[in-house]
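Visitor: Just need the structure, nothing else, for what follows:
(one chain, ligands or ions: 2)
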Amino acid sequence: METSKIKVGLLSGVPTIKLRSPEGLHVKGHGLSFSCKELEIHTDETFPVKRLYRVFTDDFERLEDALDTALKSDESPIRGAVEVGRGIEPYVHWGYHNAGFWAFAGEFDGEEEALSFARHLEEKGERPWIKSELRGNCPDKVKVITEKGELEAELPLDIIPSGDKTLVLDLPVGEGFHWEHRENLHYRGSFEVLGTPGGGLYLVNRVSLEDYLKSVVSSEMGEAPLEALKAQAIAARNTLLSTLKRHHYYDPFDICATDHCQVYLGVKGENEMSSRAVEETSGEILVFEGKICDTRFAKVCGGVTENFEQVWGGKSIDYLISHRDSDSNGLLLRTEEEVRNFIDDPPPSFCSDHELFRWKIKVDRKKLESIVKEKTGTSLELIDIIPVRRGASGRIIEIKLIGKERELIIRGELRIRNALSESHLYSSLFYVVKLGEKDGLPDAFEFRGGGFGHGVGMCQIGAIGMARMGYNYREILAHYYPGTDLIKVE
Ligand SMILES: [Zn+2]
Ligand SMILES: [Zn+2]
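Guide: Ligands and ions are numbered 1, 2, ... in the order given. From the prediction side, this is the model:
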């Protein structure tokens, strides 16, 4: 059970890959086969590269339907359909896979053009989303350095370890976040090395679904009661099955190892409790109307979860809807005043026992202006920061920065969090207070907010809170993914 292999992208676009195993690594490539204990693969080839922004409008099971929809729109010369998703046994056997086709309505060189086209489609009642992808030639030759010497090799390369784990050196962890650093991590399974468009290399880890889950459950949740880990195990299994080759439909792997898909730290992530949680829930998945659920999760919801479409756009999802993270409901976060009250005087929530349940961040105006300039390219002398639109949970999805000379509108939960902080604001559930004032300009701004992460789906700290209160994993999943069914695939 669950021994099917998946491909996880560990590295992408790096010039060097370093692997080490005292038991030995067997390297196979075009006309090449040798063993070593230390392996360094290097390329310095670069090619012109272009980043394309594709605007997708809908998701179909059949190619014909995706093409029909794409071609119906006569606004862009480049439109069509792409194949996304894939399935793995034994889930495919029972009809659970995520394979399908996305209709795309336009392709752009710049993100701004893509965004404005997407907004235009939104005004027409469509629900577009944007994906960017790199185009360019890939390197096909690499220099391979081992403890025995140096040679040239053609890509792709297969690396089969003799031992049960391999050390991968200098892996970036937490890229783009404030905890970003490099680590040497052990991974189970085997590896593939391929060229990345424009230059650089991919390192792909082929690992059994079970080993992968044992690692991600603990990496994503850390120390937690068994019932919370079991809920996380099912959320992780569902996330894998529903995102396989979707986030990364254009990459040579199924899912990446970072926060973008699921954090996968290999052997370091495994522990006795997370392994038990995976084993005790073997084959269990959440389904809704016969389909694998998209079980997104985030660290701390701050007392209220968010609707799927308010963070990612596209269609709404029946079970990823905003609700209070407690037994009671009665959610009223429509006005600025209601949101402020909710942040300042929060009602009891399953996740209230966490340092980021509520937070305050003060930033000097000049410092914030330089962050905004760096992140958005716009220079402003900041007079005020005003939320324009909030989602159902009070999270800001459109914000206005008022400068002396001009205004700047920022849309999208992650873009807002990114534009107002050196790394990211913890969440977009916040309000802004101006501190001090001279000549109409404040000395500083204070962000007062709640939660950490996008807030859609399961609140991981809330799941731990529920487990501590005696709820079992079925009740935890039913709370965060209302209306779904838990089934077991044998
Ligand atoms: Zn990813
Ligand atoms: Zn919560």
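Visitor: quick one: low-confidence parts of the stretch 201-350 of the chain?
Guide: For the stretch 201-350 of the chain, applying pLDDT under 70 flags the ranges 330-331.
Visitor: Near ligand 1, which residues of it are found?
Guide: 247, 256, 260, 261 (Cβ under 5 Å from the ion). Where you see a C-beta, it was placed from the backbone N, CA and C, and this is true even at glycine.
Visitor: can you count the residues close to the third one?
Guide: By that I understand residue 260. Residue 260 has 14 neighbours, counted by other Cβ atoms under 10 Å.
Visitor: and it, that one's in a helix?
Guide: No - secondary structure of residue 260 (DSSP: H, G, I helix; E, B strand; the rest coil): coil, not part of a helix.
Visitor: Verify the contact between residue 89 and residue 4 for me.
Guide: Yes - using Cβ atoms under 8 Å as the test, residue 89 is close enough to residue 4 to be in contact (5.3 Å).
Visitor: Of the residues of the stretch 201-350 of the chain next to ligand 1, keep whichever come out buried.
Guide: Neighbour counting with 16 or more other Cβ atoms under 10 Å marks 247, 256, 261 as buried within these.
Visitor: what pairs with the second one across the strands?
Guide: On the basis of DSSP bridges, residue 256 takes part in beta bridges with residue 9.
Visitor: Likewise for residue 298?
Guide: residue 459.
Visitor: With adjacent residues omitted, what lies nearest to the residue positioned nearest the centre of the chain?
Guide: Closest residue to the average C-alpha location of the chain: residue 260 at 2.4 Å, with Cα atoms, centre = their mean. Nearest non-adjacent residue to residue 260, counting by Cβ to Cβ, 6 or more residues apart in numbering: residue 247, 6.7 Å away.
Visitor: before we move on, what about residue 409?
Guide: Per Cβ to Cβ, 6+ apart, closest to residue 409 is residue 400, 5.5 Å.
Visitor: For that neighbour, which residues are in contact?
Guide: Neighbouring residues of residue 400 by Cβ atoms under 8 Å, 6 or more residues apart in numbering: 385, 386, 387, 388, 407, 408, 409.
Visitor: Now list the buried members of those residues.
Guide: If we count by 16+ other Cβ under 10 Å, those have these buried: 385, 387, 408.
Visitor: These in strands, which ones?
Guide: Taking DSSP state E, the ones among these that sit in strands are 385, 387, 408.
Visitor: will you turn these into CSV that also has distance to ligand 1 and pLDDT?
Guide: What follows is those, written out as CSV (distance: Cβ to the ion, whole Å; pLDDT from 0 to 100):
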residue, distance to ligand 1, pLDDT
385, 31, 97
387, 29, 96
408, 29, 96
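Visitor: Closest one to residue 432 out of those residues, please.
Guide: residue 385 (4.5 Å; Cβ to Cβ).
Visitor: Identify the bridge partners of that closest one.
Guide: residue 401.
Visitor: is it true that it touches residue 402?
Guide: Yes - here residue 385 lies in contact with residue 402, judged by Cβ under 8 Å, at a distance of 7.3 Å.
Visitor: Can you name the next helix or strand after the helix or strand containing residue 410?
Guide: In the assignment (DSSP states H and E), residue 410 maps to strand 407-411. Per DSSP H and E, strand 407-411 leads on to helix 413-419 as the next helix or strand towards the C-terminus.
Visitor: and the chain, what are its domains?
Guide: Using automatic domain parsing, the domains assigned to the chain come out as 5-47+138-285, 50-135, 298-456.
Visitor: Any idea how many residues pack against residue 106?
Guide: Residue 106 has 24 neighbours, counted by other Cβ under 10 Å.
Visitor: how close does whichever residue of the stretch 351-490 of the chain sits closest to ligand 1 sit to ligand 2?
Guide: Per Cβ to the ion, residue 414 is where the stretch 351-490 of the chain lies closest to ligand 1, at 13.7 Å. According to Cβ to the ion, to the nearest Å, residue 414 and ligand 2 sit 19 Å apart.
Visitor: Contacts only, for the closest residue to residue 213 other than its chain neighbours.
Guide: The shortest distance from residue 213 to any non-neighbouring residue, by Cβ to Cβ, 6+ apart, is to residue 278 (4.7 Å). By Cβ under 8 Å, 6+ apart, the contact set of residue 278 is 210, 213, 214, 217, 233.
Visitor: Make a markdown table from those residues and add secondary structure to it.
Guide: Output for these, formatted as a markdown table (three-state DSSP):
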| residue | secondary structure |
| --- | --- |
| 210 | helix |
| 213 | helix |
| 214 | helix |
| 217 | helix |
| 233 | helix |
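Visitor: Among those, which one sits closest to ligand 1?
Guide: residue 213 (16.4 Å).
Visitor: What is the burial count for the closest one?
Guide: The number of residues packed near residue 213 is 31, by other Cβ under 10 Å.
Visitor: before we move on, what about residue 372?
Guide: Residue neighbour count, defined by other Cβ under 10 Å, stands at 22 for residue 372.
Visitor: Distance of it relative to ligand 2?
Guide: 29 Å.
Visitor: Residues touching the helix or strand that contains that residue, excluding its own?
Guide: Element membership of residue 372, judged by DSSP H and E, is helix 365-376. For helix 365-376, contacts defined as Cβ under 8 Å, 6+ apart pick out 363, 378-382, 401, 408, 410, 418-422, 441-445.
Visitor: rerun at 7 Å
Guide: For helix 365-376, contacts defined as Cβ atoms under 7 Å, 6 or more residues apart in numbering pick out 378-382, 401, 408, 418-422, 441-445.
Visitor: just stretch 76-91 next, same as before
Guide: Identification of contacts with stretch 76-91 by Cβ under 7 Å, 6+ apart yields 4, 6, 63, 66-67, 70-71, 73, 97-107, 209, 241, 244-246, 249, 254, 489.
Visitor: Now for the closest residue to residue 343 other than its chain neighbours: which residues touch it?
Guide: Leaving aside its sequence neighbours, residue 343 sits nearest to residue 450 (Cβ to Cβ, 6+ apart; 5.4 Å). Residue 450 makes contacts with 302, 303, 343, 346, 357, 358, 427, 429, as judged by Cβ under 7 Å, 6+ apart.
Visitor: How much space separates the first one from ligand 2?
Guide: In this case it means residue 302. 6 Å.
Visitor: and that residue, that's in a strand?
Guide: No - counting by three-state DSSP, one finds residue 302 to be coil, located in no strand.
Visitor: Hmm, it is touching residue 359, no?
Guide: No - here residue 302 lies out of contact with residue 359, judged by Cβ atoms under 7 Å, at a distance of 9.0 Å.
Visitor: Neighbour count: those two, which is higher?
Guide: Between residue 302 and residue 359, counting by other Cβ under 10 Å, residue 302 is the more crowded of the two (36 against 19).
Visitor: so residue 183 is in which element?
Guide: In this assignment (DSSP H and E), residue 183 forms part of strand 181-187.
Visitor: What are the buried residues along stretch 42-50?
Guide: Buried residues in stretch 42-50 (16+ other Cβ under 10 Å): 43, 45, 49.
Visitor: quick one: the first one from residue 191, how far?
Guide: Just to be clear, that refers to residue 43. Note on residue 43: its distance to residue 191, by Cβ to Cβ, to the nearest Å, is 16 Å.
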